[in-house]
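>>> based on what follows, work out the 3D shape:
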Amino acid sequence: MDRGGVKILGVVNVTADSFSDGGRFLDPGAALDQARALHADGADVIDVGGESTRPGAHRVDEQVEIERVVPIIRELAAEGIVVSVDTMRAGVAAAAIDAGAAYVNDVSGGRADDQMAAVVAEADLPWILMHWRPLTDRAGDGPYGPDDFTHRAGQAGAYRDVVGEVSGELLAQVDAAVTAGVDPDRLILDPGLGFAKSAAHNWALLRGLPTLVGLGFPVLVGASRKRFLGSLLAVDGVDRPPAGREVATAAVSALAAAAGVWGLRVHDAAASRDAVAVARAWTTEEGAVDG
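Below you'll find the predicted structure:
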């Protein structure tokens, strides 16, 4: 099905403690089955991660992360499935690229590992730079270490103008990447919904997608099953659990597609595939059919 160029990235968490699936795909066989199912449901790229970034998560050893993701990436790439590696570590990215990864998805935006830019530049692959303002007491913008890129439960960054500040900080990350030798045409920006941001920040960023798209780089949105959707759908003060957030996720996918994003990172590829088709029919004459 033609989705008008919007990429769907299907999430496969090869972790023990993901907020969305609680370790269901830590087993390699289960991870491969899930990846193939997402691909069959319309995911253009399978985004494989071996380290949880949920609030309160602890970092895993680099070798453990490599052992989790590389066999999955190698098998999927051998089957002709396009794969992204979700990692903050240059060593993991390099191993994943050797195994066939076609994208690097770095939630730290290149700031957790100062060797990441060199790895990506040498491989000449697309690099997704996500916005995540580290929660630190230090003034200024770095240098940061990997441990700065961890969630602290209940905390969000302080913003006066979240769209303007996130836009500016993403462009600073672009400048750093280009200075390090990365081709700017290989960069994709992600506003980092839910990463040290409140629900109000997330909604403001979604409303501000035209501004983010207007920065001149492809934009990836990752709202799938996130807490701010659970809070929106809460009943009697109890958040809707992750598995019950798919309709809301699809609604965000449709609106984001209509705003001109490059891609959507989701857990349910079929729902967002359909949502993007609706958005395209809504905003263009090409998608319309009789009936």
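
>>> show me the helices in the stretch 101-250 of the chain, by range?
Listed in chain order, the helices of the stretch 101-250 of the chain (DSSP state H, counting those that start in this stretch) span 116-123, 162-179, 199-207, 209-213, 227-232, 246-258.

>>> check which helices and strands the second one sits against.
Read that as helix 162-179. With contacts taken as 3 or more Cβ pairs under 8 Å, 6 or more residues apart in numbering; DSSP states H and E, helix 162-179 sits against helix 116-123, strand 127-130, strand 187-190, helix 199-207, helix 209-213. No exception for glycine: its C-beta is placed from N, CA and C like everyone else's.

>>> now it: average pLDDT?
For helix 162-179, mean pLDDT is 97.

>>> what does that helix rub up against?
With Cβ atoms under 8 Å, 6 or more residues apart in numbering as the test, helix 162-179 has contacts from 109-111, 117, 120, 127, 129, 131, 133, 141, 159, 184, 187, 189, 191-192, 197, 201, 204-205, 207-208, 211-212, 215, 217.

>>> now what about the longest strand along the chain, what contacts it?
Longest strand in the chain, counting residues (DSSP state E): strand 7-13. Contact with strand 7-13 is made by 20-21, 25, 31, 34-35, 38-39, 41-49, 52, 72, 84, 105, 220, 224, 262-267, 269, 272-273, 276, as judged by Cβ under 8 Å, 6+ apart.

>>> quick one: buried ones out of those residues?
For the contacts of strand 7-13, a burial check counting by 16 or more other Cβ atoms under 10 Å picks out 20-21, 25, 31, 34-35, 38-39, 41-49, 52, 72, 84, 105, 220, 224, 262-267, 269, 272-273, 276.

>>> inside strands: which ones of those residues?
Judged by DSSP E, those include 45, 46, 47, 48, 49, 84, 105, 220, 263, 264, 265, 266 as members of strands.

>>> ok, so of those, who is nearest residue 253?
Using Cβ to Cβ, the shortest approach to residue 253 within these belongs to residue 264, at 5.0 Å.

>>> so where's the stretch 101-250 of the chain shaky on pLDDT?
Regions of the stretch 101-250 of the chain meeting the criterion pLDDT under 70 cover residues 135-155.
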